[in-house]
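Student: sharing a model that was predicted from the sequence below.
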Amino acid sequence: MAANLHLDADSPTADLLRDSHGRWITDLRVSITDRCNYKCVYCRTGLHGAQYAELSAQDYLRFIQSFLSVGIEKVRLTGGEPMLRRDLPQIVAGIHAMRTRAGHAPEIAVTTNGHLLEDLAQPLRDVGLSRVTISMDAVDPATFERITRVPGSFTSVLRGIEAAQRAGLDPVKINCVLLRGFNEDQVEAFAHFSREHGVVVRFIEFMPLEEDRLWTPEMVVPLTEIVERIQRLYPLTVLAPTTAGETARRYGFADGRGEIGIIAPVTQAFCGACSRVRLTSDGKIRTCLFSHREHDLAGLARSGASDEQLRQFLLQVIQTKEARHHIGEPGFLKPSRSMVHIGG
Ligand code: SAM
């Protein structure tokens with residue numbers, strides 16, 4: 001079948017791209033570096049991972065334009081730590097000037113550890129950033145800095161959160177990866193923090209994506225436990241997903257003072273609704289976090305491919321997107337790259 005038949009012109013959602021499992025692929029995550037200024041103990045477990053090449057802003061922009069031309073609507077810049085790239089504002093501005101197939105500017109988000117956000121929140125907002133997600137795995141400063149292994153990091157991140165709010169990046173979301181016996185005691189403190197600081201905290205189940213291979217199922221703090229523990233402090237109500245591909249189960253505090261979310265890829269996998277595709281910092285497409293195969297978009301571009309050839313390549317690659325991951329199943333094979341080198 002010709003790849004471009006998957007752009008169904010008669011559908012009311014003709015501007016979107018559908019994969020071979022019937023999922024609309026609307027979200028692109030682009031890692032613009034795999035360097036990081038934090039050494040989070042559960043992510044950078046080895047501190048010896050290979051560093052992959054970084055491409056020029058111009059290359060990323062060309063590839064992002066190709067993805068938009070086949071139906072991507074949202075672009076999230078990540079890494080590594082994306083704020084280590086000095087040209088981040090130029091990259092955001094370049095994406096903001098583009099148009100989706102539906103004719104509007106794409107939604108642009110950044111996932112960051114927040115360390116450099118204080119100075120960058122407003123400039124990024126000014127050039128078109130829509131949203132920011134800040135990773136923060138503890139609200140207790142000592143625990144936080146034990147995780148990041150960077151003295152003073154807690155204060156920097158708090159300032160980053162405040163700057164993002166002042167800049168009108170709304171909502172500011174905080175992602176917290178929970179590990180059993182390590183930072184699981186932070187759940188209740190994060191519920192308070194969410195309410196006091198007006199941020200949406202999302203707890204994430206730990207996945208087997210660390211540099212060394214330490215993951216065990218026992219290290220995962222499951223969604224059900226997180227909900228039960230918060231309910232004991234604050235009654236919660238279930239909220240509807242905001243989009244079809246929403247990964248977080250959303251819960252509102254019953255008194256209306258904010259919300260929390262739980263991303264449960266291990267105990268309640270959401271692969272059936274996955275709308276994502278990823279581009280690594282060296283220009284390889286990954287159709288799943290757990291893919292064993294990468295597709296060399298940058299290599300194709302270097303060989304002189306035209307924009308139309310890149311577009312056809314994307315359409316074909318998206319048809320190979322895996323039905324689901326196999327975390328926790330016998331024979332599960334971890335991907336060759338860890339989270340910091342894929343782009344979280
Ligand atoms: N440096 C940026 C940051 O800190 O947000 C972006 C990259 S970081 C790899 C993206 C996200 O992946 C962070 O929220 C981090 O906590 C999360 N992460 C890293 N390893 C993970 C794992 N094994 N399971 C689940 N989430 C993980």
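Tutor: That came through fine.
Student: what does this protein put close to the ligand?
Tutor: 36, 43, 78-79, 81, 111-113, 135, 175, 177, 204, 206-207, 209-210, 339-340, 344 (Cβ under 6 Å from any ligand atom). For glycine as for every other residue, the C-beta is placed from the backbone atoms N, C-alpha and C.
Student: go again using 8 Å as the cut-off
Tutor: The chain comes close to the ligand at residues 31, 36, 38, 40, 42-43, 78-82, 111-114, 133-135, 137, 175-177, 204-210, 215, 265, 338-340, 342-344, as judged by Cβ under 8 Å from any ligand atom.
Student: those residues in strands, which ones?
Tutor: Mapping the residues of the chain next to the ligand onto strands (DSSP state E) picks out Ser31, Thr78, Thr111, Thr112, Thr133, Ile134, Ser135, Asn175, Cys176, Val177, Ile204, Glu205.
Student: quick one: residues contacting the residue in the chain that the ligand sits nearest to.
Tutor: Nearest residue of the chain to the ligand: Gly344, at 2.4 Å (Cβ to the nearest ligand atom). With contact taken as Cβ atoms under 8 Å, 6 or more residues apart in numbering, Gly344 is in contact with Thr78, Thr111, Ser135, Leu209.
Student: which residues in the stretch 1-150 of the chain form helices?
Tutor: For the stretch 1-150 of the chain, the helices defined by DSSP state H, counting those that start in this stretch occupy 57-70, 88-96, 117-126, 141-148.
Student: tell me what angle the first one forms with helix 88-96.
Tutor: An angle of 30 degrees separates the directions of helix 57-70 and helix 88-96 when computed by axes from the mean of the first three to the mean of the last three Cα atoms, to 10 degrees.
Student: Asp212 contacts Arg44, doesn't it?
Tutor: No: applying Cβ atoms under 8 Å as the test, Asp212 and Arg44 come out as separate, 9.4 Å apart.
Student: the more surrounded of the two?
Tutor: Comparing Asp212 with Arg44 by neighbour count (other Cβ atoms under 10 Å), the higher total belongs to Arg44, at 20 against 12.
Student: I'd guessed the more buried one sits against Cys36; true?
Tutor: Yes: using Cβ under 8 Å, Arg44 is in contact with Cys36, at 7.0 Å.
Student: give me the common contacts of the two.
Tutor: Jointly contacting Arg44 and Cys36 under the rule Cβ under 8 Å, 6+ apart are Val340.
Student: reformat the ones in strands among the residues of the chain next to the ligand as JSON lines; add neighbour count, distance to Asp126 and pLDDT.
Tutor: What follows is those, written out as JSON lines (neighbours: other Cβ atoms under 10 Å; distance: Cβ to Cβ, whole Å; pLDDT from 0 to 100):
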{"residue": "Ser31", "neighbour count": "30", "distance to Asp126": "24", "pLDDT": "97"}
{"residue": "Thr78", "neighbour count": "25", "distance to Asp126": "21", "pLDDT": "98"}
{"residue": "Thr111", "neighbour count": "22", "distance to Asp126": "20", "pLDDT": "98"}
{"residue": "Thr112", "neighbour count": "26", "distance to Asp126": "17", "pLDDT": "98"}
{"residue": "Thr133", "neighbour count": "22", "distance to Asp126": "19", "pLDDT": "98"}
{"residue": "Ile134", "neighbour count": "23", "distance to Asp126": "19", "pLDDT": "98"}
{"residue": "Ser135", "neighbour count": "23", "distance to Asp126": "23", "pLDDT": "98"}
{"residue": "Asn175", "neighbour count": "19", "distance to Asp126": "24", "pLDDT": "97"}
{"residue": "Cys176", "neighbour count": "22", "distance to Asp126": "29", "pLDDT": "98"}
{"residue": "Val177", "neighbour count": "23", "distance to Asp126": "31", "pLDDT": "97"}
{"residue": "Ile204", "neighbour count": "21", "distance to Asp126": "30", "pLDDT": "97"}
{"residue": "Glu205", "neighbour count": "22", "distance to Asp126": "35", "pLDDT": "96"}
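Student: quick check, nearest of those to Arg125?
Tutor: Nearest to Arg125 out of those is Thr112 (Cβ to Cβ; 13.4 Å).
Student: for that closest one, list each beta-bridge partner.
Tutor: Bridge pairing for Thr112 (DSSP bridges) gives the partners Ile134.
Student: same check on Ser31?
Tutor: Thr78.
Student: from Thr280, how far off is it?
Tutor: 5 Å (Cβ to Cβ, to the nearest Å).
Student: and for those two, which residues touch both?
Tutor: His341, Ile342, Gly343.
Student: mind checking which of those land in helices?
Tutor: His341, Ile342 (DSSP state H).
Student: out of the shared contacts of Ser31 and Thr280, who has the most neighbours?
Tutor: Neighbour max across the shared contacts of Ser31 and Thr280 (other Cβ under 10 Å) = Ile342, 28 neighbours.
Student: would you agree that one is in contact with Cys43?
Tutor: No: with contact defined as Cβ under 8 Å, Ile342 does not count as touching Cys43 (11.0 Å).
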